[in-house]
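Novice: Starting from these lines, generate the structure:
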Amino acid sequence: MNFTQGRVLHVVLSGLLLWFVSHGYCSAEHHSADQKPSTLSWKALREKAAHRRRRIIMNNDGNDVRGLPKDVPRTRETFLRQRTSPLVGSHVDTICYCTGAPFNMYRHHSQESELYRNSGDELDWGWELGQDGPDVLETMIDFGRQHGLEIFWSMRMNDSHDAKYAWCMSQWKKDHPDFLMGKPGQEFPFGRARWKGRWSALDYSIPEVREKTFRILQDVATRYDVDGLELDFFRHPVFFRPQMTGQPVTQQWPALYSLTTCYSCRKITYWQKGNGCYRSMFLCV
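Specialist: Numbers count the residues shown, from 1 in each chain. As a prediction, this is how the structure comes out:
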């Protein structure tokens with residue numbers, strides 16, 4: 001990572017690490033809407049959540065059932081057995097679970113994002129679990145509750161595998177080519193990947209990109225009983241067009257995004273307080 005990329009990431013993460021967000025889901029530790037927590041009790045709940053034991057935080061990229069033999073049963077037990085069930089009794093206390101690498105394409109079922117059905121030539125049936133019951137994210141959350149594991153949903157903020165693999169580019173990106181860093185096949189002197197470029201990365205200086213990102217995060221936070229959201233800025237660390245040509249990225253560029261994201265988190269907090277329960281939730285970056 002060059003100096004420009006490092007500076008951008010440092011400023012963005014510095015802004016986000018300061019924030020602690022809340023959303024409403026009834027659980028073992030909650031207050032109902034009729035029992036709005038006092039400032040002291042709310043701080044106590046946050047303090048307890050903040051100091052929860054997290055010996056190892058594991059990031060799971062979500063490819064649990066990708067490439068398995070065709071004759072393996074397509075069940076939740078098979079899904080969990082690949083990477084999750086063996087963790088019981090280990091030092092892993094928190095799992096950041098990614099339901100799909102491509103931007104806006106995920107294996108959990110949503111009306112906000114697209115369903116990740118295809119992994120090129122490899123069999124990938126994770127998305128099928130949501131057709132007849134809990135989807136992959138719900139399955140992970142249920143398992144976490146049963147075994148005392150903390151479950152975060154992990155979002156790759158600017159994954160650019162679709163610069164090489166056409167099958168993992170979302171329709172949303174195809175519909176908005178002007179939101180991307182460049183044109184198909186375009187190479188840049190900086191922000192390179194092992195496949196020569198990240199032309200398909202999103203430009204986060206564009207308001208519509210930031211708003212779409214917020215809606216994806218909001219959708220998960222409001223519909224799933226996750227303990228938090230992981231904003232994975234390292235997949236991949238290019239967010240503004242000047243990075244692609246090695247130009248300085250001024251303070252106003254990353255600050256614009258970090259402030260917008262923090263404001264969005266406060267909106268999640270506000271909206272969820274009307275859902276009937278209060279519960280602490282973290283951002284992980």
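
Novice: From what I see, M140 and R83 are in contact.
Specialist: No. In this structure, M140 is not within contact of R83 by C-beta atoms under 8 Å, at 10.0 Å. Quick note: C-beta positions are derived from backbone N, CA and C, even for glycine.

Novice: who's more crowded, these two?
Specialist: M140 (28 against 17; other C-beta atoms under 10 Å).

Novice: so that one, which of the three states?
Specialist: helix (DSSP: H, G, I helix; E, B strand; the rest coil).

Novice: Pull the contacting residues for the closest residue to it other than its chain neighbours.
Specialist: Spatial nearest neighbour of M140, excluding adjacent residues (C-beta to C-beta, 6 or more residues apart in numbering): Y97 at 4.9 Å. Y97 makes contact with 60, 62, 136-137, 140, 151-154 under the criterion C-beta atoms under 8 Å, 6 or more residues apart in numbering.

Novice: for S110, same thing?
Specialist: 219-220, 223.

Novice: what sits against E114?
Specialist: 104-106, 170-172.

Novice: cutoff 7 Å now
Specialist: 104-105, 170-172 (C-beta atoms under 7 Å, 6 or more residues apart in numbering).

Novice: Narrow those to those in strands?
Specialist: In strands, judged by DSSP state E, the following of the contacts of E114 are found: M105.

Novice: which residues are contacting stretch 148-162?
Specialist: Applying C-beta under 7 Å, 6+ apart, the contact partners of stretch 148-162 are 52, 59, 93-98, 101-103, 137, 140-141, 144, 168-169, 173, 193, 198, 200-202, 216-217, 220, 224, 226-233, 235-236, 238-239, 284.

Novice: Pull out the buried residues from that stretch.
Specialist: 149-162 (16 or more other C-beta atoms under 10 Å).

Novice: what's the closest of these to G130?
Specialist: Here the nearest of those to G130, counting by C-beta to C-beta, is W153; it sits at 14.4 Å.

Novice: where does the closest one land in three-state SS?
Specialist: Following three-state DSSP, the label given to W153 is strand.

Novice: Look at it and report its pLDDT.
Specialist: On the pLDDT scale, W153 is placed at 97.

Novice: measure it to F240 for me?
Specialist: W153 is 25 Å from F240, where distance means C-beta to C-beta, to the nearest Å.

Novice: Find the nearest non-adjacent residue to R198, please.
Specialist: S160 (4.2 Å).

Novice: partner residues bridging the residue nearest in space to the middle of the chain?
Specialist: What sits nearest the mean C-alpha location of the chain, by C-alpha atoms, centre = their mean, is M155, with 1.6 Å. When assigned by DSSP bridges, M155 has beta-bridge partners L231.
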